[in-house]
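J.: Can you look at this prediction? I've put the sequence above it.
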Amino acid sequence: MTQTIVRNTIGEQVFSELRGRIAAGQLKPGEKLRPEEIASELNVSQTPVKEALLRLGAEGLVETVPRRGTVVRRFSSTHTIELFEVREMIETWALWAGDAADRITPDFLDRIAATIEDLGKAVGDGRFTDVEAAMAADRRMHHLIVGLGGNSMMMDWYRRVSSQTEFIRLYALEPERAVETEAEHKAIYAALKTRDLKAVRQAIHAHFESACGSLLPAVVRRESDEIDQ
């Protein structure tokens with residue numbers, strides 16, 4: 001069935017549509033993306049499709065491969081580790097910058113607490129009962145921390161990096177890690193309330209180390225499967 005995109009927001013909708021398909025696993029890692037086929041399916045010209053692919057490339061979700069063209073990005077174990085290292089560096093910088101500017105306010109702490117409450121609502125019987133809601137709560141907490149830095153360019157970089165880790169989670173997230181995730185978020189919040197920056201940094205490091213470690217086995221399995229194919 002041919003799907004028609006509303007013309008007045010065509011560029012944004014094509015981008016959102018393709019991004020959503022990658023998120024849902026409808027477009028698999030390594031799959032080739034042909035602008036002419038996508039344009040025909042969505043009943044649009046190739047121009048907004050090519051623009052959308054460029055935006056997806058800027059987010060690191062697709063890449064150009066010699067003699068193949070644009071494909072959905074495969075995330076290696078090395079790349080996964082590097083993503084979490086970059087996220088930790090950015091959050092650590094934002095933490096110190098935010099403290100220097102006195103941005104760790106009661107209102108900020110209340111907003112962090114709200115994300116933890118939302119995360120708790122997405123957890124039941126030791127598992128994530130609503131993965132999408134859990135990821136949204138996790139995203140808000142980390143974006144709030146980066147926002148302490150007051151640097152819009154740094155926030156933009158962080159969004160691009162965290163977007164890639166979110167896509168890895170979609171096929172590698174362990175539902176049973178819900179309890180650990182909730183506890184790690186609470187540890188970060190507790191340290192923030194004391195304004196003990198060393199403790200906050202340690203809590204953030206422990207959280208990312210745990211999160212990365214939980215994803216790596218699935219990423220490694222995918223790498224192995226692709227080699228065997």
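T.: On my side now, so go ahead.
J.: The protein: helices as residue ranges?
T.: Taking DSSP state H as the criterion, the chain carries its helices at 10-23, 35-42, 46-58, 77-100, 106-121, 131-147, 152-172, 178-194, 197-228.
J.: my guess is Gly126 meets Ala178, correct?
T.: Yes: the pair Gly126 and Ala178 qualifies as a contact (C-beta atoms under 8 Å) at a distance of 6.2 Å. The way it works is simple: take the backbone N, C-alpha and C, and place the C-beta from them, glycine included.
J.: Between those two, tell me which one has more neighbours.
T.: In this view Gly126 and Ala178 are compared by other C-beta atoms under 10 Å, and Ala178 has more residues nearby, 22 against 12.
J.: mind listing what that one touches?
T.: Ala178 makes contact with 122-123, 126-128, 134 under the criterion C-beta atoms under 8 Å, 6 or more residues apart in numbering.
J.: need the contact list for Thr165.
T.: Thr165 makes contact with 80, 83-84, 87, 211, 215, according to C-beta under 8 Å, 6+ apart.
J.: and the nearest residue to Val65 once chain neighbours are set aside, how many neighbours?
T.: Excluding its sequence neighbours, the residue lying closest to Val65 (C-beta to C-beta, 6 or more residues apart in numbering) is Val71, at 5.4 Å. For Val71, the count of nearby residues is 17 (other C-beta under 10 Å).
J.: So what sits opposite Val71 in the bridge?
T.: Using DSSP bridges, the beta-bridge partners of Val71 come out as Lys32, Glu63.
J.: okay but it is in contact with Leu61, surely?
T.: No: with the criterion set as C-beta under 8 Å, Val71 and Leu61 do not qualify as a contacting pair; they are 10.5 Å apart.
J.: Can you flag the buried ones in the contacts of Ala178?
T.: When the contacts of Ala178 are checked for burial by 16 or more other C-beta atoms under 10 Å, the buried set is 122-123, 128, 134.
J.: Lowest-confidence entry in those?
T.: pLDDT across the buried ones among the contacts of Ala178 is lowest for Phe128, at 85.
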